[in-house]
Structures are given as C-alpha cells and as structure tokens.
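1. Turn this into a structure:
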Amino acid sequence: MTRTKVEICGIDTSTLPVLSNEVMRATFVRLQSGDLSAKEELVMGNLRLVLSIVQRFAYRGEQADDLFQVGCIGLIKSIDNFDLKHNVRFSTYAVPMIIGEIRRHLRDHHPVRVSRSLRDIAYKAMKAKEQYIQENLKEPTLANLAELTEIPAEDILFALDAIQDPLSLHEPIHHDSGDPVYMMDQLQDDMVSEERWVTYVSVKETLTKLDERQQTILSKRYYYGETQTEIARELGISQAQISRLEKHAISIIQNNMVQEEIKNN
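-> Residues are numbered from 1 along each chain as shown. Model (predicted):
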C-alpha cells in the first residue's frame with residue numbers, strides 16, 4: 001500500500017511502524033516486566049493513532065504540531081496506566097485519554113473568559129471522568145460524576161457547558177478529499193420541502209442496491225465521519241481502494257437520481 005508522506009513535528013509519519021494487537025500486548029508485557037526500551041517502541045508504534053485523532057481537531061485554529069505534541073502526552077499517560085488485565089485493545093483505552101488531553105489543551109486556550117470557579121468544577125469533573133473510564137472501561141453518567149466529585153449534577157453540567165468551544169456555523173466538521181461539510185449543514189430544517197423528501201427517498205432506495213462493502217464505507221464516511229485511512233485500516237485494504245469504492249458508490253447514486261429525474265419528467 002502506498003503511504004502518503006505527512007511531516008509533523010519533524011517526523012515523517014509514512015515511516016512510522018504499526019503494531020499488531022499481538023505485538024502490542026507482548027511489548028506491554030516487556031514494559032511491565034521492567035524493559036524500559038519497550039515504552040519507546042509503544043510510543044512510536046502508536047504515533048499514527050495520535051495523528052488520526054489530531055486530524056479531528058484540524059479546524060480549531062490550533063497548530064497541528066502543537067496538538068500532536070499534546071496528543072503524545074495523552075498517549076504516554078495511556079501507556080503508563082494501561083492494564084493488560086482489562087483484556088481490551090490498547091487503542092480502545094488510549095483514544096479517550098488522547099482526546100481528553102487535546103480537549104483540555106483547547107480549553108486552557110479558550111477564547112471566551114470563564115470564571116475560575118466554573119473551570120475548577122469542570123476540571124474536577126473531567127478528572128473524575130478519566131478515573132471512571134480507567135476503572136470501568138465505559139463513559140460515566142452525570143450522576144456518576146456527581147457522586148465521585150460530591151458536586152451537584154446541575155453545577156457540573158453548567159460548568160462543562162461553559163468551557164465548550166464556540167463553533168462557527170461555517171466551520172468545516174468534515175473535509176477529506178471531497179467537498180467540506182459545514183456545521184450549518186448538520187442543523188435540522190423543520191421546513192422540509194417535498195422535493196427534498198423525494199430526493200431523500202431516492203437516495204435511500206439506491207443505497208440498498210449497493211453491495212455491503214460500499215454501504216459500509218459510505219456509512220463510516222458520512223455518518224460516523226471516519227477518514228478513508230481509518231476505514232482502510234478497519235477493512236484491511238488500501239486507502240486508494242477505499243477512495244475508488246467510495247467514488248463508484250457515489251457515482252451509482254448520482255446516476256440513479258438522474259435517471260429518476262428523467263423518468264419523472
């Protein structure tokens with residue numbers, strides 16, 4: 001598979017290794033047995049994971065290099081705290097911690113002034129959330145956070161809302177080799193015209209005619225917002241194949257819509 005060269009923090013990411021789950025677990029066994037060289041192998045073997053997460057925050061106005069370094073801090077914390085007894089993939093454990101570290105960095109550079117008391121409540125809640133995830137391997141409820149922090153649930157909710165980054169309606173939330181999808185495109189429109197409804201039905205019917213792999217790719221790309229690279233890794237094929245399959249599926253949908261329009265006219 002041809003790898004695209006991406007340099008970040010002076011690192012050519014196309015040369016980074018990718019560790020299988022079996023190798024990852026064996027390396028963790030070495031690390032937890034005292035082999036400190038294994039830690040460097042785990043860091044290098046998961047930098048691609050950090051990069052894929054950083055790309056989700058590409059439109060926050062922050063330098064990619066800065067976010068990558070912050071993400072690496074989250075990665076190192078994940079490596080230090082990962083326990084093989086949980087019997088889960090390391091990426092399952094690490095992703096929330098890396099995202100949390102990046103979000104914490106973004107909150108510290110928040111453009112809107114938030115009172116110190118609200119920030120303190122929010123940070124206590126986030127710390128409790130990380131602790132809960134480590135111990136239970138699932139997201140806590142608001143009630144769980146209130147119990148852990150001994151802070152009323154309403155105060156936690158208000159504090160977490162206060163430190164969220166404001167979003168522009170024209171901020172791209174998805175842009176990967178095609179036309180960008182903006183925040184305003186995701187807002188609900190209560191005034192749905194008959195023409196738009198007919199188009200929706202037509203597209204939905206066409207999707208059922210695609211093969212299972214094409215449906216999976218379109219679902220992951222446009223519903224879950226995954227990149228072509230992430231999907232390629234999950235399906236075990238190249239990013240170029242994902243691109244071709246996606247374009248072919250979209251072409252089928254477009255041709256079907258044209259034929260329907262000609263038929264109706």
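2. Spell out which helix or strand contains the nearest residue to Ile133 once chain neighbours are set aside, please.
-> Leaving aside its chain neighbours, Ile133 sits nearest to Pro96 (5.7 Å; criterion: C-beta to C-beta, 6 or more residues apart in numbering). (C-beta placed from N, C-alpha, C; glycine too.) Assigned by DSSP states H and E, Pro96 belongs to helix 90-108.
3. Would you mark the buried spots in that helix?
-> Neighbour-count burial for helix 90-108, counted by 16 or more other C-beta atoms under 10 Å, picks out 90, 93-107.
4. what separates that helix from the chain centre, distance-wise?
-> 10 Å (C-alpha atoms, centre = their mean, to the nearest Å).
5. Kindly report the same for stretch 82-100.
-> Relative to its parent chain, stretch 82-100 has a centroid offset of 14 Å by C-alpha atoms, centre = their mean.
6. what do you get for stretch 97-113?
-> That offset, for stretch 97-113, works out to 15 Å (C-alpha atoms, centre = their mean).
7. and what of stretch 25-37?
-> Distance of stretch 25-37 from its chain centroid, counting by C-alpha atoms, centre = their mean, is 28 Å.
8. and the angle for whichever strand or helix holds Lys127 with helix 90-108?
-> Element membership of Lys127, judged by DSSP H and E, is helix 116-136. Per axes from the mean of the first three to the mean of the last three C-alpha atoms, to 10 degrees, the angle that helix 116-136 makes with helix 90-108 is 180 degrees.
9. neighbouring contacts of the helix or strand just after helix 116-136?
-> Downstream of helix 116-136, the first helix or strand assigned by DSSP H and E is helix 142-149. Contacts to helix 142-149, defined as C-beta atoms under 8 Å, 6 or more residues apart in numbering, come from residues 121, 124-125, 128-129, 131-132, 140, 151-153, 156-157.
10. State the distance from Leu36 to Thr27.
-> If you measure Leu36 against Thr27 using C-beta to C-beta, to the nearest Å, the figure is 12 Å.
11. before we move on, the earlier item: for the helix holding Pro96, name the packing helices and strands.
-> Counting contacts by 3 or more C-beta pairs under 8 Å, 6 or more residues apart in numbering; DSSP states H and E, helix 90-108 is packed against helix 21-32, helix 47-54, helix 64-81, helix 116-136.
12. Only the buried residues of the last one, if you could.
-> Looking back up the chat, that one is helix 116-136. Under the neighbour-count criterion of 16+ other C-beta under 10 Å, helix 116-136 has 118-119, 121-122, 124-126, 128-130, 132-134 buried.
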